[in-house]
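Student: can't give you the sequence, but here's the structure:
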């Protein structure tokens, strides 16, 4: 998957937001493991499993595409966790074809190597962008894609945004009820309207905390709409993300 | 032919070649050894630096090319030139990294490392000619093997594949 | 900004500009008068001449560009025709084959036949002038129609389009 496609079926019109989110289930797992700040071999898989599942919930709630690979890894994690809770069988019954914790972590280590290399590649490509050669048949010149502002210089990843919104969503959900279907906002919160409203507010220069803005929402549906509207405005370059001195993430528009 | 003339010819060749020109090509046209050609090109670039030219000769994708120095990028953007390399998605970059270090490699092997299907990422790399089919694996279904192209080297400013930064090996690198 | 710096910026601009750059543009970016810019460019070219560079700055209708001096033409012509730029990618060859036999044809129709997007392949064919826009289709969006050029005929040694080898029945043979 290259980019998550957010599709919000608004009652009047269909609205699509595309943004790069994650590149796969291992990317997500790695992110969660790295948050633990311990060596990969010491990570609490039980804790990570819970978080992984919670992330999938949030992604589904935001109508981010959750491909089957994400679900497969979720199943694997749950299975590993379950096995770890069971009393160890006396005999070595590990000839199962199921993925073990060790093999999963090994895969993660291997994946991390290439993810790091990919990041190096991205930096190299950026350096290359400072260098110009004579124009012959510069095919690429014509094929410029506008890039979402989230990938810009300030280094706030979509993950951070997703985590903020996830935490807030959690507060609107007193108990994790067993909901087989992710709830789609059906409370008539129009995304285009939300975008318009925010656009008005940011017109002529405005600055506010990303989290604060989300906190203004009075319902889950509104919270999600606000989040998506923010992403869209960021993508359009109408507002940009900055990290304040206190390391909170803020939205800023030019005057 | 004196040295100044030889350098001028090399300058003309490197300037006019539509792709990075190889040392072999330069040596052939000039009728000198590759070692001599390399030395002359080095001198030519030193001359550029000595007179504080905005241009420099660099070795990339198995050849030489003239390009501007990074500090002039802002002026060049002011005339509407945009950067050469297009933004690649994180997924495409991951595939590219895997292919670069593990080539030749099949799609299934890439998928295994990434834990996710890589079809569209690979397709976009093929379209940009950063990778190419380099053969078939002797296995069931004879799957396509992918490898990187010279265009890849050029896009990332690499002389050749040996110029790739070493892959981090330690598992502890997992923790930032 | 001293004179050496200003000249270096001008050198970068003239070198990197996709087409001859006007005096006005140079002056604007440098923040100097057009007269000053003209003077600096003249000095820059004098510097080239003084150090017997193979390059020179010439004034063409629309502006300035860097080019090689005529006496180096024979060397430049000796640059091999086998360089990558001459080689078409497999994707471009597929598109070219489709266009040759199905012209006039739109990009979307080409995409449908190939099953993948063909933008960059078509772009490279356009750049090489092997194909050209030959009109617009009377359909929604009036999409561009592509056809092959005389250069295409020349490159493939064809008298005219009737000279194309007949298309085999199986579509696969077109692609191989």
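Tutor: In hand now; what should we look at? Source: prediction; values computed, not measured. Numbers count the residues shown, from 1 in each chain, chains lettered A, B, ... in the order given.
Student: who are the neighbours in contact with the residue at minimal distance from the centre of chain B?
Tutor: Note on chain B: the residue nearest the mean C-alpha position is residue B:153, at 1.7 Å, using C-alpha atoms, centre = their mean. The contact partners of residue B:153, by C-beta atoms under 8 Å, 6 or more residues apart in numbering or on different chains, come to B:60-62, B:159-161, B:163. C-betas here are computed from N, CA, C, even on glycine.
Student: Could you rerun that using 7 Å?
Tutor: B:60-62, B:160 (C-beta atoms under 7 Å, 6 or more residues apart in numbering or on different chains).
Student: Now name the helix or strand holding it.
Tutor: Per DSSP states H and E, residue B:153 falls inside helix B:150-155.
Student: got the buried residues for that helix?
Tutor: B:150-155 (16 or more other C-beta atoms under 10 Å in any protein chain shown).
Student: residues in contact with residue 108?
Tutor: Here I'm looking at chain A. Contacts were defined as C-beta under 7 Å, 6+ apart; by that measure residue A:108 touches A:26, A:29-30, A:33, A:40.
Student: Sorry, I should have been clearer: chain B.
Tutor: Counting by C-beta under 7 Å, 6+ apart, residue B:108 touches residue B:143.
Student: And the helices in chain B?
Tutor: Taking DSSP state H to define them, one finds helices in chain B at B:3-16, B:23-30, B:34-50, B:73-78, B:90-102, B:107-114, B:119-127, B:150-155.
Student: and the ones you listed, which is most packed in?
Tutor: helix B:90-102 (a mean of 25; mean count of other C-beta atoms under 10 Å in any protein chain shown).
Student: Against which helices or strands is it packed?
Tutor: Packing contacts for helix B:90-102, counted by 3 or more C-beta pairs under 7 Å, 6 or more residues apart in numbering or on different chains; DSSP states H and E, involve helix A:101-128, helix B:107-114, helix B:119-127, strand B:144-148.
Student: mind running it again at 10 Å?
Tutor: Judged by 3 or more C-beta pairs under 10 Å, 6 or more residues apart in numbering or on different chains; DSSP states H and E, helix B:90-102 is in contact with helix A:25-35, helix A:101-128, strand B:105-106, helix B:107-114, helix B:119-127, strand B:131-136, strand B:144-148, helix B:150-155.
Student: what about the shortest one, near chain A?
Tutor: No - counting by C-beta under 10 Å from any C-beta of the partner chain, chain A has no neighbours in strand B:105-106; the shortest distance is 11.2 Å.
Student: Now tell me what touches that strand from outside.
Tutor: Contact with strand B:105-106 is made by B:95, B:98-99, B:112-113, B:131, B:134, B:136-137, B:139, B:141-147, as judged by C-beta atoms under 10 Å, 6 or more residues apart in numbering or on different chains.
Student: Now do stretch B:135-144, average pLDDT.
Tutor: The average pLDDT within stretch B:135-144 is 92.
Student: no no, stretch A:72-85
Tutor: Average pLDDT, stretch A:72-85: 87.
Student: Now for residue B:60: which residues touch it?
Tutor: Residue B:60 is in contact with A:128, A:131, A:133, B:19-20, B:67, B:150, B:153-160, B:163, counting by C-beta under 10 Å, 6+ apart.
Student: what separates the residue of chain B most remote from its centre from residue B:60, distance-wise?
Tutor: When distances are taken from the C-alpha mean of chain B, residue B:140 lies farthest, 33.0 Å away, according to C-alpha atoms, centre = their mean. Residue B:140 sits 39 Å away from residue B:60, going by C-beta to C-beta, to the nearest Å.
Student: And for residue A:121?
Tutor: Using C-beta to C-beta, we find residue A:121 at a distance of 15 Å from residue B:60.
Student: go on, residue B:137?
Tutor: When residue B:137 is compared with residue B:60 (using C-beta to C-beta), they lie 30 Å apart.
Student: Next: residue B:66.
Tutor: According to C-beta to C-beta, residue B:66 and residue B:60 sit 11 Å apart.
Student: How many neighbouring residues does residue A:38 have?
Tutor: Counted with other C-beta atoms under 10 Å in any protein chain shown, residues neighbouring residue A:38 total 12.
Student: got the phi/psi numbers for it?
Tutor: Backbone torsions of residue A:38, given as degrees, to the nearest 10, read phi -120, psi 170.
Student: Go ahead and confirm it touches residue A:45.
Tutor: No - the criterion here is C-beta atoms under 10 Å, and residue A:38 misses it with residue A:45 at 11.7 Å.
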